[in-house]
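In: what follows is a predicted protein model with its sequence.
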Amino acid sequence: MANRSFWNVNQGPAIIRTVGVLLMGFLAMSYDMWGGYVAMLPHVMKPTAWLAFALFIMAFTASSVQILFPGSYGRWAMKNRRYIGLSFALVHFIHAGLVLSNLALTEASRTAGELSGGGLAYVFLGLMAITSNNASVRKLGAKNWKRLHKVGSYYIWLIFVARSFGELPGNLPSGGVIIVVGLTALMFRTSARRKLKT
Ligand code: HEM
């Protein structure tokens, strides 16, 4: 009989639903706890970025983890990579919504450089999300599709790591964790590529 344990099942859209419910629950609780939308904003921007980062790293390292450490987790992450990536897009667009509300409704401001650097990451993220289906792979051709997702994910990686470097040491420990995990993920990808070539 086939092994139907969690790690062997393709959870697919259930991953997005679970992430969406957790995120909405967190935002509803924060709204209640801080007494309103504007009051909760300073407390929810970082956590949404962290959740997005965790999902991004899972999608970014799925194949390298399976190549370097073949096992249940890597197999599961590979099978569900598309939905992990789409969950990342959902959470990160919520981050954008919160950040934009904060800019519009409070005294907070950002430089044009920060807005365009982060904005381009959202352009890539949007393109990656709308092309995360088999029809788009066929339409773009596997080579172009791969190129878009590779360039987009490396750019998003760069924004996560560069942003966290730029805010050191004031953003410790979270910024440090993002840098260390980000660099480790990059190392996994280069080691996996090297392993495939040997
Ligand atoms: C237009 C673009 C963006 C703006 C204006 C923006 C703004 C912000 C703000 C105001 C915070 C909360 C900071 C705090 O509470 O001290 C934050 C957190 C964060 N953002 Fe965004 N963000 C943008 C896009 C992005 C993008 C594209 C990424 C990654 C690809 C990203 C990653 C993060 C991370 C990792 C944190 C948490 C940092 C930490 O805990 O040290 N942001 N962002």
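Out: That came in fine, so what should we check first?

In: which strands and helices lie in contact with the longest helix along the chain?
Out: Ranked by number of residues, the top helix in the chain under DSSP state H is helix 37-68. With contacts taken as 3 or more CB pairs under 8 Å, 6 or more residues apart in numbering; DSSP states H and E, helix 37-68 sits against helix 13-34, helix 72-79, helix 81-105, helix 142-166, helix 174-197. C-betas here are computed from N, CA, C, even on glycine.

In: distance between the second one and the chain's centre?
Out: Relative to the mean C-alpha coordinate of its chain, helix 72-79 is positioned 17 Å out (CA atoms, centre = their mean, to the nearest Å).

In: go on, the third one?
Out: On the basis of CA atoms, centre = their mean, the separation between the geometric centre of helix 81-105 and that of its chain is 9 Å.

In: and the next helix or strand past that helix?
Out: Counting by DSSP states H and E, the next helix or strand C-terminal to helix 81-105 is helix 112-130.

In: most tightly surrounded among the helices and strands packed on helix 37-68?
Out: helix 81-105 (a mean of 19; mean count of other CB atoms under 10 Å).

In: rebuild the helices and strands packed on helix 37-68 as TSV, extending it with distance to the ligand.
Out: As requested, the helices and strands packed on helix 37-68 are arranged in TSV below (distance: least, CB to the nearest ligand atom, whole Å):
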stretch	distance to the ligand
helix 13-34	13
helix 72-79	20
helix 81-105	4
helix 142-166	4
helix 174-197	4
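
In: tabulate these (TSV), appending mean pLDDT.
Out: Shown next, in TSV, are the helices and strands packed on helix 37-68 (pLDDT from 0 to 100):
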stretch	mean pLDDT
helix 13-34	97
helix 72-79	95
helix 81-105	98
helix 142-166	97
helix 174-197	97
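
In: which single residue of this protein ends up nearest the ligand?
Out: Residue nearest to the ligand within the chain (CB to the nearest ligand atom): G118, separated by 2.4 Å.

In: number of residues surrounding that residue?
Out: 15 (other CB atoms under 10 Å).

In: now do the contacts for it.
Out: G118 is in contact with 159, 163, counting by CB atoms under 8 Å, 6 or more residues apart in numbering.

In: coming back round to it: need the helices and strands packed on helix 37-68 in JSON lines with distance to Y122, can you?
Out: JSON lines is the format used below for the helices and strands packed on helix 37-68 (distance: least, CB to CB, whole Å):
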{"stretch": "helix 13-34", "distance to Y122": "17"}
{"stretch": "helix 72-79", "distance to Y122": "24"}
{"stretch": "helix 81-105", "distance to Y122": "6"}
{"stretch": "helix 142-166", "distance to Y122": "9"}
{"stretch": "helix 174-197", "distance to Y122": "18"}
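
In: and the pLDDT for the residue of the chain closest to the ligand?
Out: Note on G118: pLDDT of 96.

In: got it, and the one 4 residues further on?
Out: Y122 carries a pLDDT value of 98.
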